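Undergrad: just the structure for this:
(2 chains)
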Amino acid sequence: MTWQHVVDDIRTWARVNSPWVVHFNTGSCNGCDIEILAILTPRYDAERFGVKLEGSPRHADVLICTGPVTRQARDRLLRVYEQMPEPKFVIAVGSCAISGGVFQGCYNVIGHIDEVIPVDVYIPGCPPRPEAILDGVVKLLGHLKNPVLEETIQEAG
Amino acid sequence: MNAIQDLLTLMFFPGGLFVLALGMSYEWIDRKLMARVQNRVGPRWFQPYADIAKLLVKEEVIPADSNRLLFIALPILALAGALTAALYVPLAGFDPLYSFKGDLIVTLYLLSLLTVCTGLAGANTTDRFSLVGATRTLTQLFSYEAPFLLAMLGPAVAARSWQINEIIADADGQWLLIVQPVGFVVALIGLLGKLEIAPFNAPEAETEIVAGALTEYSGRGLALFRLGRHVELVVGLTMVAAFYMGGVSGLPLFVLKTLLLLLILVGIQSLVARLRIDQTVGLWWRWGTLLVLAQWLALVIWEGVQA
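TA: Reported below is the predicted structural model:
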């Protein structure tokens, strides 16, 4: 095992065990936002996995987005995404974030999140249960730990 | 040979890395106790280590309109101040590494360096949240620093010395918090102000001003500031325990006394809500300073009567 391997292992271990999240509402009805806040409450306690809700995008590793992207929110979403330091990941929570949901085709809505920024994990539901959101976060961490997964998915698809 | 030994002492044990590890362990205990009070499971034991390691390998964004040199130097200076302060206190029950006449004052000012650096770091960027955070950080510094200093000088006056070693030796295992209860309370609550934890967390109020003075910091700078905070937590606890709870000779006694203090801090932290910055200033200058000054006067008069 080379020196570089050891450093890489420590780096991956640290990233997997300390995902700090910043939460941004791009035009959601607040249903998903309440469920996201629920994962920080004593019943679900995401701090078990090292998840910490940060206020500043500069401190965060994971951007949790809810809702369809409205024309107003597009620039702000882009700016928040650009402000985050590398490496950064995006989780889209809820049906609207994935497809636009019931707001699809509205005059003031651009569409789903990945029309604006790249998304790593999609969590469906209207709203998704807190367990589902935690599962999505853990899946993202698993993907960080084991990047081979991505290749297999691409091959399968 | 002697130089190498000095270097090892400073870098690994009991300075340097050992202090950092101790600081991060105490940070974990703090977060875990906090979580248990809130009926949560809480973070795993390596959480602060993972946080710091992750921040260190993350990209550091330097805002275009800030002074580059200051932006990079301030976190280093803050951590260096906290680590240097650790050399003069009986950390983990060992005797202080270095000691000279008046090292109490030097240690207290080294501990303030972190707060000053945080304030300057906030003022260095043009981000509005950083600026508000920096103003609040420095305002808070001016409110708790005087009472905290006076509270720390109480045992020094009783011992007629400004050397940490001699003050602890003079108390001779007696719990000074029985004869100087006001000083103990003010020192403990001053520690809350120093570390910017509730109810004195207005400078980094995440619900109002994002992350206060450190809003623009990412990666390495943020990691160093956090490390400085962790070190300051353990140094502050050591000082209060050593001065007011009859010294910290030996590791078991050190752990027991500092954990007891930490438990009290966590209790206060989880019971009270955040004070507005003007309420913080009012509390310290109307109550803290006056009470501790009254006790200080009583001490001086008592010393005069005795002499």
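Undergrad: and the most centrally placed residue in chain B, how far from chain A?
TA: Residue closest to the average C-alpha location in chain B (C-alpha atoms, centre = their mean): B:Glu232, at 3.7 Å. Relative to chain A, B:Glu232 is positioned 20 Å away (C-beta to the nearest C-beta, to the nearest Å). To be clear about C-beta, it is placed using only N, CA and C from the backbone, and glycine gets the same treatment.
Undergrad: list the contacts of that residue.
TA: Residues near B:Glu232 by C-beta atoms under 8 Å, 6 or more residues apart in numbering or on different chains: B:Gly23, B:Ala82, B:Ala85, B:Leu111, B:Leu114, B:Lys194, B:Leu195.
Undergrad: contacting residues for the second one?
TA: Shown in contact with B:Ala82 (C-beta under 8 Å, 6+ apart): B:Leu110, B:Leu111, B:Leu113, B:Leu114, B:Leu227, B:Gly228, B:Arg229, B:Val231, B:Glu232, B:Val235.
Undergrad: what segments of the chain are helices?
TA: Since you didn't name a chain, this refers to chain A. Counting by DSSP state H, chain A has helices at residues A:3-17, A:31-38, A:71-83, A:95-99, A:130-145, A:148-156.
Undergrad: chain B, not that one
TA: Using DSSP H, helices in chain B cover B:2-11, B:16-37, B:47-56, B:68-86, B:103-124, B:128-159, B:164-171, B:181-194, B:220-244, B:251-271, B:277-282, B:289-306.
Undergrad: now do the closest residue to B:Pro75 other than its chain neighbours, the pLDDT please.
TA: Counting by C-beta to C-beta, 6 or more residues apart in numbering or on different chains, B:Leu224 is the residue found nearest to B:Pro75 once chain neighbours are left out, at 3.6 Å. Listed pLDDT for B:Leu224 reads 91.
Undergrad: what is the burial count for B:Leu224?
TA: 24 (other C-beta atoms under 10 Å in any protein chain shown).
Undergrad: I figured it hits B:Ala78, correct?
TA: Yes - between B:Leu224 and B:Ala78 there is a contact under C-beta atoms under 8 Å: 6.7 Å.
Undergrad: quick one: which of the helices of chain A is nearest chain B?
TA: In terms of C-beta to the nearest C-beta, the element of the helices of chain A nearest to chain B is helix A:3-17, at 3.6 Å.
Undergrad: residues contacting residue 13?
TA: No chain was given, so I picked chain A. So A:Trp13 contacts B:Ala50, B:Ala53 (C-beta under 8 Å, 6+ apart).
Undergrad: ah, I was thinking of chain B
TA: Contacts of B:Phe13 by C-beta under 8 Å, 6+ apart: none found.
Undergrad: from B:Gln163, how far off is it?
TA: As judged by C-beta to C-beta, to the nearest Å, B:Phe13 and B:Gln163 stand 24 Å apart.
Undergrad: please apply the same query to A:Leu78.
TA: Taking C-beta to C-beta, one finds A:Leu78 at 58 Å from B:Gln163.
Undergrad: so for those two, which sits in the more crowded spot?
TA: The neighbour count for A:Leu78 versus B:Gln163, taken as other C-beta under 10 Å, is higher for B:Gln163 (19 against 13).
Undergrad: that one against B:Ile105, yeah?
TA: No - the pair B:Gln163 and B:Ile105 fails to qualify as a contact (C-beta under 8 Å) at a distance of 10.1 Å.
Undergrad: now for residue 15, how many residues are close by?
TA: Picking chain A for this. 20.
Undergrad: wait, I meant chain B there
TA: 21.
Undergrad: now do the one 4 residues further on
TA: Counted with other C-beta under 10 Å, the neighbours of B:Val19 add up to 24.
Undergrad: which residue packs closest to it, ignoring adjacent ones?
TA: B:Ala86 is the one closest to B:Val19 (C-beta to C-beta, 6+ apart), at 4.5 Å.
Undergrad: just the pLDDT at that neighbour, thanks.
TA: 85.
Undergrad: same thing with A:Ile153?
TA: Reading off the model, A:Ile153 has pLDDT 54.
Undergrad: about what we covered before: and the residue nearest to the centre of chain B, what's its pLDDT?
TA: 90.
Undergrad: before we move on, back to that, and of the helices of chain A, who's closest to B:Trp45?
TA: helix A:3-17 (11.2 Å; C-beta to C-beta).
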